[in-house]
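Asks: With the input below, show me the fold.
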Amino acid sequence: MTIRKKIFLLAGILLALFGLVVGALALFQKFAGDQIGNIMRYELPLSRLLAEFDVDTDRYELRMLRLLQADSLTPKQLEMAIAAKREITNEMRVDVRAASELLDRATNDPHYQTAERVDLARIAGSFKYVSRGLEDFLALGDATMAALADGRRDEARSIAFGFAKFADSFGPDLSEIRLGIAHLTEKATGMVLASQRLDTYLSFGLFLIACGIGFGVSAVGSTQVVGGLRKLLASTRAIEAGAESVPVSVHSRDEVGELALSFNRMVEELRSRERIKDTFGKFVDPRIVSRLIGSGADQAERRTLTIFFSDIKEFSGISEQLTASAIVNLLNSYFGAVAAVIHSHNGVIDKYIGDAVMAFWIPPFSAGEEHAGDACLAALAQQEAMVGLRTQLPEITGMRRNPPKLSIRMGLATGEAVVGTIGSDAARSYTVIGDTVNLASRLESVNKVYGTSIILSEETYRLAQEIIEARELDLITVAGKTEPVRIYEALCRAGELGPERSELCGLFAHGLAAYRRQAWDEAQAQFEKCLGIAAEDGPARVFLDRIPVLRQAPPPADWDGVWRFAEK
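Replies: Coordinates of the predicted model:
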């Protein structure tokens, strides 16, 4: 008998044993599943409904007693009391109806054993006795409320004494019903736990049997296959040491030969993986590819990082002027220029979305908290790269006259986000999701309002303020969010701000402070001085347009200075 046949025979025995145990386990699991199903379908909902009914009866009676104790009731108070009584009445009727239906279904459910169905029938009978008293209870409340509404307070108090006769049915009787349901739940839980313990013992026994058979197979077969396996072991160690993957020669047709063939196929897969890594690195950052291959594709983690979004200003209009090939040439040249800058500043390009670029900076590619600074420097360097790219636009687009104007808007936000592989089983991507991503995208769009090129969130500026120059723009809430965020415009690297722009920043800061104090004249004067220095300063123009609106409709005295954007 060959090794293959022996393995098949032993495997058949193991499978047969495993099948018997699995069958037994399935029966126990079905029993446990029925018990758990009964608890979930009937007993827990019944416990909740009975508890709500018990609470509602107490609320109903307590509300009546409070109304009787009140010195007088205004028509408004009386109307509210009637509405509240009606709401509690509806809740009690709904709870009673639902509980009765559940008890009827549970009593007839074959998943319950006979003894349990007898208990349920007894509980259902007790509950019908309790539920029959509900309408009398509610009628007593209606009579009390009617007397109160007519101003007959003494008569209402006399009627309210009738609530005392419901103390037994809505007290001890209802408690006994709830205890009966709890007993059923406790009994079912105990049976489930016992079944689980039996499952554990059976599983452990199967494991011991499999170990014994496995050791026996190893002892018999090891001497037969050790020779061929030594060759495979030597080749495997060579691959582990980093040597080139070389297939082993196959000299037999037995199981060892088949193993050698499988090993050779594995060697070919390793070669294919290397080719995939080289090719895939053109679509996903090679550093990410190495991490995915090294640690597996199914990974996700929450990290603090900096997100970057950029978009070409008025790209739709530009594309209408160009042929399809010219659009592709323009985008490829643009993406090539910004990708080089992002990579050189330790960034990772997440994706290209039309003419937009999404990237992120994260440890270990950026050390410690340097990810925000690296992202800001990359954004400034991309704006500088655009200057050189604009000179090449006639050759890139084929438009020798009036080539398109290429301007880039950028938004950066720093915070927590989830980083990992996301998608279906057939196709996935390594990306970033979370509020920080949405904020960065919104900030990129906010550039349109302020006429700026690079807007930073407050946390980004806080981490990068030592290496860049920036000015505070505003305190806003972006579309879809309620929490305000302070935004800044990145201007240049630290130490590169000239005297004129430095003066502009100072005037703008004074104007912004006056604006927040609602000192409209002072703020307008400061922003007008800003335009005297830089006539095209977008932020100053925004506030000059905003001040007349606020003059006509002044905000409250405790205004927080937040400007809320409703559109993306």
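
Asks: next helix or strand past the strand or helix carrying Ala139?
Replies: Taking DSSP states H and E as the definition, one finds Ala139 inside helix 114-149. Per DSSP H and E, the first helix or strand lying C-terminal to helix 114-149 is helix 153-160.

Asks: Please find the angle between the direction vectors of the helix holding Ala139 and helix 153-160.
Replies: Here helix 114-149 runs at an angle of 170 degrees relative to helix 153-160 (axes from the mean of the first three to the mean of the last three Cα atoms, to 10 degrees).

Asks: so what does helix 114-149 touch, helix or strand wise?
Replies: Applying 3 or more Cβ pairs under 8 Å, 6 or more residues apart in numbering; DSSP states H and E, one finds that helix 114-149 contacts helix 44-69, helix 75-107, helix 153-160, helix 172-240. Heads up, the C-betas are built off the backbone N, CA and C, glycines and all.

Asks: Mind listing what's buried along that helix?
Replies: Going by neighbour count (16 or more other Cβ atoms under 10 Å), the buried part of helix 114-149 is 116-117, 119-120, 123-124, 126-127, 130-131, 133-134, 137-138, 140-141, 144-145, 147-148.

Asks: Return the distance of it from the chain's centre.
Replies: Counting by Cα atoms, centre = their mean, to the nearest Å, helix 114-149 is centred 45 Å from the centre of its parent chain.

Asks: so what strands line up beside the helix or strand where Ala359 lies?
Replies: Element membership for Ala359 (DSSP H and E) is strand 356-361. Strand pairing for strand 356-361, using DSSP bridges, gives strand 300-312 (antiparallel), strand 348-353 (antiparallel).

Asks: Next, the buried residues of it.
Replies: By neighbour count with 16+ other Cβ under 10 Å, strand 356-361 contains the buried residues Val357, Met358, Ala359, Phe360, Trp361.

Asks: so the third one makes contact with Phe335?
Replies: Yep, that's Ala359 we're talking about. No - the pair Ala359 and Phe335 does not pass the contact test of Cβ atoms under 8 Å, sitting 11.2 Å apart.

Asks: Could you find the closest non-adjacent residue to Arg409?
Replies: Nearest non-adjacent residue to Arg409, counting by Cβ to Cβ, 6 or more residues apart in numbering: Asn447, 3.9 Å away.

Asks: Who are the contact partners of that neighbour?
Replies: Neighbour list for Asn447: Arg409, Met410, Gly411, Ser453, Ile454, Ile455 [criterion: Cβ atoms under 8 Å, 6 or more residues apart in numbering].

Asks: between the strand or helix carrying it and strand 348-353, how many degrees?
Replies: Assigned by DSSP H and E, Asn447 belongs to helix 435-450. Between helix 435-450 and strand 348-353, the angle comes out at 60 degrees (the same axes, to 10 degrees).

Asks: Assign Tyr430 to helix, strand or coil.
Replies: The three-state assignment at Tyr430 reads strand, by DSSP: H, G, I helix; E, B strand; the rest coil.

Asks: Next, work out how far apart it and Phe335 are.
Replies: To Phe335, Tyr430 is 18 Å away according to Cβ to Cβ, to the nearest Å.

Asks: Have a look at these two and say which one is more surrounded.
Replies: Here Tyr430 and Phe335 are compared on neighbour count by other Cβ atoms under 10 Å; more neighbours surround Tyr430, at 21 against 14.

Asks: mind checking how far the more buried one is from Leu380?
Replies: As judged by Cβ to Cβ, Tyr430 and Leu380 stand 27 Å apart.

Asks: Backbone torsions only: list them for the most centrally placed residue in the chain.
Replies: For the chain, the residue sitting closest to the mean C-alpha position, by Cα atoms, centre = their mean, is Gly434 at 7.1 Å. For Gly434, the backbone dihedrals (degrees, to the nearest 10) come out as phi 140, psi 180.

Asks: angle of the helix holding Ala139 against helix 44-69?
Replies: Taking the same axes, to 10 degrees, one finds helix 114-149 and helix 44-69 inclined to each other by 20 degrees.
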